[in-house]
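>>> sequence first, then the predicted structure, then my questions.
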Amino acid sequence: MLPELAATPLAGLETAPPFLVLPSLGGTHEDWRAAAGFLAERWQVLGVDLPGHGASAAAVEPFTVAELAAGVLAVADRLGARSFGVAGVSLGGAVVQELALLAPARIEFAGVICSAPAMGTPEVWIERAASVRRGGTGTLTEGLAERWFSVGFRAAEPDTVGRVLAGVAATDDESYALCCEALRDFDLRERAATIAVPIRLVRGADDPVAPAEAVRALEQAARVTGTVLPGVRHQAAIERPDAVAAALLAP
């Protein structure tokens, strides 16, 4: 059974419409805090953590990305939100896509950040899960820094990069591995074009995880608007929180 997902208020008035934001695999709600400051002009922003990440309890049983989407819907139910906005990065963006298919009538607006209807290959995720079970999430940090952040950002913001990578190392190993296995089985390429909710699709021009060719199936959906951030890699909400927020706030 999927553990209850924690929601942490980040910014905005409690009387404002709720906007739920999800981080990447290995990330936490803190990765959205800077962007939340900009988004607070319109929404009450709450960060929802993945199982075993941040404030959410660890998982001990397998789950799917669709079940994670149902977990986010349960968060909205706990908040008493009949409708809400939602955005996610990477795995968080995969959850958003599943949620848009699961409960389109309840989603006012969705942001898919540095994500795609399928990411990587099953073999990549199988090996990642096995590696984490062998050595723990702390063994991932060196490789992640290069994939997640541009050279310029790593040089200019070493403390931010260090904080983010420390969060990865603090993630529950088994929960991380189970998230990898959920991504192994995640593939919406045949269904993405049927998503009916308005989506703002934001990607980094230099993102190696969700490059242009990976997002094309989602771009076929009727209500998708795209934004490309030059020089940005995979963690756009951290590297360019202002630009990500501007894209989400755009009319």
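Looks like it arrived, so ask away. Numbering: from 1, shown residues only.

>>> got the end-to-end distance for stretch 231-248?
Length of stretch 231-248, first residue to last, C-alpha to C-alpha, to the nearest Å: 19 Å.

>>> so which residues of the stretch 101-250 of the chain form strands?
Ranges of strands in the stretch 101-250 of the chain, per DSSP state E, counting those that start in this stretch, are 107-113, 199-204, 224-229.

>>> would TSV of the ones you listed with mean neighbour count, mean pLDDT and distance to residue 133 be doable?
Placement of C-beta: from N, CA and C, glycine included. Converted to TSV, the strands of the stretch 101-250 of the chain look like this (neighbours: other C-beta atoms under 10 Å; pLDDT from 0 to 100; distance: least, C-beta to C-beta, whole Å):
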stretch	mean neighbour count	mean pLDDT	distance to residue 133
strand 107-113	25	97	28
strand 199-204	25	97	29
strand 224-229	16	96	34
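
>>> CSV for those strands, including distance to residue 65?
Shown next, in CSV, are these (distance: least, C-beta to C-beta, whole Å):
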stretch, distance to residue 65
strand 107-113, 13
strand 199-204, 16
strand 224-229, 19
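
>>> among those strands, which is nearest residue 78?
Of all the strands of the stretch 101-250 of the chain, strand 107-113 sits nearest to residue 78, with 16.6 Å by C-beta to C-beta.

>>> residue 23 is nearest to which of the strands of the stretch 101-250 of the chain?
Minimum separation from residue 23 across these (C-beta to C-beta) falls at strand 107-113, 9.8 Å.

>>> show me what that closest one is packed up against.
Secondary-structure packing of strand 107-113 (3 or more C-beta pairs under 8 Å, 6 or more residues apart in numbering; DSSP states H and E): strand 84-89, helix 91-102, strand 199-204, helix 241-249.

>>> now do it: everything it contacts.
Contact with strand 107-113 is made by 17, 83-90, 92-93, 96-97, 99-100, 197-203, 218, 236-237, 244, 247-248, as judged by C-beta atoms under 8 Å, 6 or more residues apart in numbering.

>>> distance check, residue 235 against residue 223.
Residue 235 sits 26 Å away from residue 223, going by C-beta to C-beta, to the nearest Å.

>>> what segments of the stretch 51-200 of the chain are helices?
Applying DSSP state H, counting those that start in this stretch to the stretch 51-200 of the chain gives helices spanning 65-79, 91-102, 122-135, 141-148, 151-156, 158-170, 173-184.

>>> what's the closest of the ones you listed to residue 34?
Taking C-beta to C-beta, helix 158-170 is the member of the helices of the stretch 51-200 of the chain nearest to residue 34, at 8.9 Å.

>>> also compute the angle for the closest one relative to helix 141-148, please.
Computed by axes from the mean of the first three to the mean of the last three C-alpha atoms, to 10 degrees, the angle separating helix 158-170 from helix 141-148 equals 120 degrees.

>>> if anything else comes up later, I'll come back, but that's it for now.
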